[in-house]
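**Student:** quick one, fold the following:
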Amino acid sequence: MAKNSQIKSFKNVIGVKLSDDPRINHYEVSFRRWLAREIHYGRVSVAQATVELSISDTQIRLICKQYPPEVVTLPAMTEAEKKKLEELEKQVKLLQKQLEHAEIKNIALETLIDVAENDLKIPIRKKPGAKQ
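**Tutor:** I've put the predicted structure just below:
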C-alpha cells in the first residue's frame, strides 16, 4: 500500500513534457536535473522512473550522466580563521578542565557530608517535605 502512495506522490512531482511525441520525449532542464538528483540520492530507482515516466532506461542513464551529483567544496581557512579556531579549542580545553575540577569538588563535598551524617550523626541535608 505504501508503494501506491509513493507512486502517486511521484506522479505529482513529475515535470511536464515539452512534446508528446515518444520519439522526441524531451523534458525541461529543471526536470532532468531533478530526476538525476532523485536517482543519485536513491529516492527513485531507474526501474521506477522507467515505468512511471515512460522513459527508456538508456535515456535515464544519459540524463544521470549529463547531470552528475553536485559536489560542494568549502574554501580553505584563512589565517585569521585558523587562529580563532585554535583559541576556541584552547578555551574548550580550559572549560573541560574546570568542569572536571568542579565535578571532583562536588564528589568530595558529597563524601564529606555522607561521612558527617553517618559517623558524626550530624543532620546536614534537608529532609524531603520539610518546612522552611
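
**Student:** residues in contact with the residue positioned nearest the centre of the chain?
**Tutor:** Residue closest to the average C-alpha location in the chain (CA atoms, centre = their mean): residue 41, at 14.2 Å. By CB atoms under 8 Å, 6 or more residues apart in numbering, the residues touching residue 41 are residue 69. (C-beta placed from N, C-alpha, C; glycine too.)

**Student:** so for it, what pLDDT did the model give?
**Tutor:** With respect to pLDDT, residue 41 scores 88.

**Student:** pop out the phi and psi values for it.
**Tutor:** In terms of degrees, to the nearest 10, the main-chain angles of residue 41 are phi -90, psi 0.

**Student:** that one and residue 62: what is the separation?
**Tutor:** Applying CB to CB, to the nearest Å, the value for residue 41 to residue 62 is 18 Å.

**Student:** before we move on, what about residue 95?
**Tutor:** 55 Å.

**Student:** higher neighbour count, the two?
**Tutor:** residue 62 (14 against 10; other CB atoms under 10 Å).

**Student:** all helices for the protein, in order.
**Tutor:** Counting by DSSP state H, the chain has helices at residues 2-13, 29-40, 46-53, 57-66, 79-119.

**Student:** looking at these, which one is packed in the most?
**Tutor:** A comparison of these by mean neighbour count, using mean count of other CB atoms under 10 Å, puts helix 29-40 on top with a mean of 17.

**Student:** orientation of that helix relative to helix 57-66 in degrees?
**Tutor:** Interaxial angle, helix 29-40 versus helix 57-66 (axes from the mean of the first three to the mean of the last three CA atoms, to 10 degrees): 100 degrees.

**Student:** for helix 29-40, C-alpha coordinates in PDB please.
**Tutor:** Written as PDB, here are the backbone C-alpha positions of helix 29-40 (Å, rounded to 0.1, in the frame of the first residue of the first chain):
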ATOM      1  CA  VAL A  29      16.300  21.000 -17.900                       C
ATOM      2  CA  SER A  30      14.900  21.500 -14.400                       C
ATOM      3  CA  PHE A  31      13.100  18.200 -14.600                       C
ATOM      4  CA  ARG A  32      16.200  16.400 -15.900                       C
ATOM      5  CA  ARG A  33      18.200  17.800 -13.000                       C
ATOM      6  CA  TRP A  34      15.600  16.800 -10.500                       C
ATOM      7  CA  LEU A  35      15.400  13.300 -11.900                       C
ATOM      8  CA  ALA A  36      19.100  12.900 -11.900                       C
ATOM      9  CA  ARG A  37      19.300  14.100  -8.300                       C
ATOM     10  CA  GLU A  38      16.500  11.800  -7.200                       C
ATOM     11  CA  ILE A  39      18.200   8.800  -8.800                       C
ATOM     12  CA  HIS A  40      21.700   9.700  -7.500                       C
END
